[in-house]
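> only geometry, no sequence info:
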């Protein structure tokens with residue numbers, strides 16, 4: 001297997017792989033949060049050591065603190081191919097979506113229609129479903145009960161000129177199919193709807209070109225993209241200004257404050273610049289193995305190519321063992337993120353516990369995907385076994401995972 005990224009060079013950027021307490025453990029719960037890149041840790045350490053003061057003040061340490069935060073906005077914007085005024089940091093994606101939902105509740109009118117899916121993590125879909133309280137009509141784009149797929153023809157049947165908002169996942173944290181964002185955006189924009197994309201389960205596999213996607217809002221979690229525990233919300237500046245202010249009244253003219261009223265840790269914002277630093281390092285490691293307009297696009301291409309190649313053997317194993325368990329989502333590696341949910345006859349937590357004894361760190365549960373599991377005919381309390389990885393996983397770890405699954409699953 002000729003990979004575009006040398007795993008040893010990639011893993012050298014993550015202190016966790018040198019941590020004694022983690023030796024012998026294969027990390028397959030990345031969908032819950034990735035390891036943190038060295039570049040992020042270095043920036044966090046610098047901020048706490050030298051600039052842990054109120055930023056944007058009149059003395060040098062304060063000015064350096066503010067400049068470090070401003071740099072993070074600029075660097076994350078560059079990685080997403082947007083301008084810095086798109087970028088908002090909040091305490092988490094769940095919190096960002098909740099606040100955004102409150103803003104839309106004050107902006108929409110009774111009778112406006114909102115389209116949601118039953119493929120979502122609850123943090124995304126729940127905020128929009130609550131809009132029925134202000135008289136919005138909630139229309140559900142339903143997944144296929146057998147495959148988990150969202151069919152565009154079913155979306156077309158829901159769209160008319162009353163639709164003001166469409167919210168859906170770039171990739172579900174249960175189904176993992178990569179949804180066609182650009183096609184969905186085009187359908188929504190044709191009737192004047194705003195498009196909100198939950199990118200939490202996609203972004204760890206390469207930050208997307210948000211401008212190319214065309215979405216009005218793109219949300220993801222920094223702690224799943226090798227960074228600190230923050231939520232990142234990229235939102236069109238004109239929409240951010242049009243939505244009612246959710247912060248203090250005297251900050252109404254400050255775009256960064258209007259939709260993130262509970263300011264997150266300043267040091268973590270500054271550290272988020274390290275995510276962009278790391279992605280540039282990924283592009284450097286990839287070299288000529290991939291192409292792209294800039295380091296961030298090359299990093300995205302390299303990460304996706306790496307993960308697709310690593311995912312292939314696992315998909316082959318799942319296909320060969322369809323009589324033993326149910327794979328959720330696409331069987332073709334190129335069509336999905338490397339988040340693999342498996343439905344078993346036994347409670348998922350029991351299988352995860354046995355895998356842990358073999359040094360496989362995986363998860364068992366519903367993962368806040370209550371609605372997709374229910375739609376797929378799976379009891380959320382029973383849950384699914386979920387194994388998830390990223391570009392820093394090695395072929396040897398994939399082999400080890402397959403061997404453990406073969407031994408432990410019935």
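Right, received. Where do you want to start? Note that the coordinates shown come from a computational prediction; the quantities given were computed from them, not determined experimentally.
> show me which residues of the top helix by length along the chain are buried.
Longest helix in the chain, counting residues (DSSP state H): helix 295-320. Within helix 295-320, the residues scored as buried using 16 or more other CB atoms under 10 Å are 295-311, 313-315, 317-318. For the C-beta atoms, the positions are set from N, CA and C on the backbone; glycine is no exception.
> all strands for this protein, in order.
26-27, 87-90, 113-117, 137-141, 163-169, 194-198, 217-221, 231-235, 326-327, 339-343, 360-361, 363-365, 384-388 (DSSP state E).
> quick one: contacts of the longest one?
By CB atoms under 8 Å, 6 or more residues apart in numbering, the list of residues contacting strand 163-169 from outside reads 104, 108, 112-117, 119-121, 124-125, 128, 131, 136, 139, 141, 150, 155, 159, 179, 184, 187-188, 191-202.
> let's see 6 Å
Applying CB atoms under 6 Å, 6 or more residues apart in numbering, the set of residues contacting strand 163-169 from outside is 108, 112-117, 120, 128, 188, 191, 193-196, 198.
> and it, how far from the chain's centre?
For strand 163-169, the separation from the chain centroid amounts to 17 Å (computed by CA atoms, centre = their mean, to the nearest Å).
> and the average pLDDT for that strand is what?
For strand 163-169, mean pLDDT rounds to 98.
> then stretch 24-34?
The average pLDDT within stretch 24-34 is 97.
> neighbouring contacts of that stretch?
Stretch 24-34 is contacted from outside by 173, 204, 223-224, 226, 339, 359-363, 387-390, 397, 400, using CB under 6 Å, 6+ apart.
> quick one: end-to-end distance for it.
Distance between the boundary residues of stretch 24-34 (CA to CA, to the nearest Å) amounts to 17 Å.
> list the buried ones in that stretch?
For stretch 24-34, the buried set under the neighbour-count rule, 16+ other CB under 10 Å, comprises 26-32, 34.
> mind putting those residues into JSON lines with distance to residue 289?
JSON lines is the format used below for the buried residues of stretch 24-34 (distance: CB to CB, whole Å):
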{"residue": "26", "distance to residue 289": "25"}
{"residue": "27", "distance to residue 289": "24"}
{"residue": "28", "distance to residue 289": "25"}
{"residue": "29", "distance to residue 289": "28"}
{"residue": "30", "distance to residue 289": "22"}
{"residue": "31", "distance to residue 289": "26"}
{"residue": "32", "distance to residue 289": "29"}
{"residue": "34", "distance to residue 289": "22"}
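> looking at those, which is nearest residue 404?
residue 26 (8.5 Å; CB to CB).
> identify the bridge partners of that closest one.
When assigned by DSSP bridges, residue 26 has beta-bridge partners residue 360.
> also residue 87?
Residues in a beta bridge with residue 87, per DSSP bridges, are residue 234.
> distance of residue 100 from residue 114?
13 Å (CB to CB, to the nearest Å).
> list the buried residues of stretch 46-63.
For stretch 46-63, by 16+ other CB under 10 Å, it's 46-47, 51, 53, 55.
> stretch 341-351 too?
341-344, 347-348, 351.
> can you give me the offset of it from its chain's centre?
24 Å.
> same thing with stretch 326-345?
Worked out by CA atoms, centre = their mean, stretch 326-345 lies 17 Å from the chain centre.
> rewinding a little: with distance to residue 277 as added columns, please give the strands of the chain in TSV.
Formatted as TSV, the strands of the chain follow (distance: least, CB to CB, whole Å):
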stretch	distance to residue 277
strand 26-27	22
strand 87-90	16
strand 113-117	34
strand 137-141	38
strand 163-169	27
strand 194-198	25
strand 217-221	17
strand 231-235	16
strand 326-327	36
strand 339-343	25
strand 360-361	26
strand 363-365	29
strand 384-388	24
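> out of those strands, which gets nearest to residue 59?
Nearest of the strands of the chain to residue 59, taken as CB to CB: strand 87-90 at 23.7 Å.
> mind giving me the packing neighbours of that closest one?
helix 60-80, strand 231-235 (3 or more CB pairs under 6 Å, 6 or more residues apart in numbering; DSSP states H and E).
> now that strand: average pLDDT?
pLDDT averaged over strand 87-90 gives 97.
> check contacts around residue 239.
Residue 239 sits next to residue 216 when contact means CB under 6 Å, 6+ apart.
> how close does it get to residue 183?
Residue 239 is 21 Å from residue 183, where distance means CB to CB.
> quick revisit: can you flag the buried ones in the contacts of stretch 24-34?
The buried subset of the contacts of stretch 24-34 (16+ other CB under 10 Å) comprises 173, 204, 223-224, 226, 339, 360-363, 387-390, 397, 400.
> hmm, which two among those residues are most spread apart?
Largest separation among the buried ones among the contacts of stretch 24-34 by CB to CB: 223 and 400, giving 25.3 Å.
> could I get the phi/psi values of the closest residue in space to residue 62 that isn't next to it in sequence?
Nearest residue to residue 62, sequence neighbours excluded (CB to CB, 6 or more residues apart in numbering): residue 53, at 5.2 Å. Main-chain dihedrals, residue 53, degrees, to the nearest 10: phi -140, psi 170.
> residue contacts, residue 53?
Each residue near residue 53 by CB under 6 Å, 6+ apart is listed here: 61-62, 65.
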